[in-house]
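Colleague: I would like to see how this sequence folds:
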Amino acid sequence: MRQMVAALAVALMSALEGGAAAAASPSIPVVGVVDFYTPTPLGSFDGGPLERFAADDLSDQLVRAGAGRVAVASRRSIGRAEGALRWRTDDAVRFDRLRALARAVGADQLVIGWITSLTIDGGGSDGGGPPAAEASVVVQVFDAASGQIVSDVSQSASTLLGTRTVMAERTLHAALSPTVAGLLITFARAH
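Modeller: Residues are numbered from 1 along each chain as shown. The predicted model follows:
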């Protein structure tokens, strides 16, 4: 009961703020992007956790590319709902918890993702090459109504040159960007 009250409070706050769920028409799906997770810790980076960066970046890309076709719940409302639900990282693989989070933010679907690998080479190694980074991600769509994963895509990217943090962020962005068009198609089909 306490979780239900907390979820209702978060949904009301989002609606009062003019969140995506409140602004969406019945014909436009509402989606939310959950913090990404990693199979192993990524280490320390300037600017905060890369799992959060990946979710923020993908959310921003969906807002820009999906204007008028999809309403994206604010990352702030997702964070508040996660707090109210006492969200843990491994909840991203528990369908009952994903459904509760979707309900709390008024989302039809949630985007969940993994950063399956991220390697950064500072350059100057035996090969004498420039600094480089490689990242692989998996992006999935959880449909709240069916309680199932309805889309799953893997993507990889690499970049050169920059500080460790800049290369990590740029490489994750490059890996996530190709997933946006497919996500928009999935949202339209599911709605």
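Colleague: switch to C-alpha atoms for all contacts and neighbour counts from now on
Modeller: Noted.
Colleague: thought residue 75 was touching residue 33?
Modeller: Yes - counting by C-alpha atoms under 8 Å, residue 75 sits close enough to residue 33 to count as a contact (7.1 Å).
Colleague: show me where this protein has strands.
Modeller: Assigned by DSSP state E, the strands in the chain fall at 30-33, 71-72, 109-121, 132-143, 148-160.
Colleague: any chance of those in CSV, plus mean pLDDT and mean neighbour count?
Modeller: Listed next are those as CSV, based on pLDDT from 0 to 100; neighbours: other C-alpha atoms under 10 Å:
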stretch, mean pLDDT, mean neighbour count
strand 30-33, 94, 28
strand 71-72, 92, 25
strand 109-121, 90, 21
strand 132-143, 92, 22
strand 148-160, 92, 17
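Colleague: which among those strands is found nearest to residue 48?
Modeller: strand 109-121 (15.1 Å; C-alpha to C-alpha).
Colleague: which elements pack onto the closest one?
Modeller: Counting contacts by 3 or more C-alpha pairs under 8 Å, 6 or more residues apart in numbering; DSSP states H and E, strand 109-121 is packed against strand 30-33, helix 95-105, strand 132-143, helix 164-176.
Colleague: from the chain's centre, how far out does that strand sit?
Modeller: With C-alpha atoms, centre = their mean, to the nearest Å as the basis, strand 109-121 stands 9 Å off its chain's centre.
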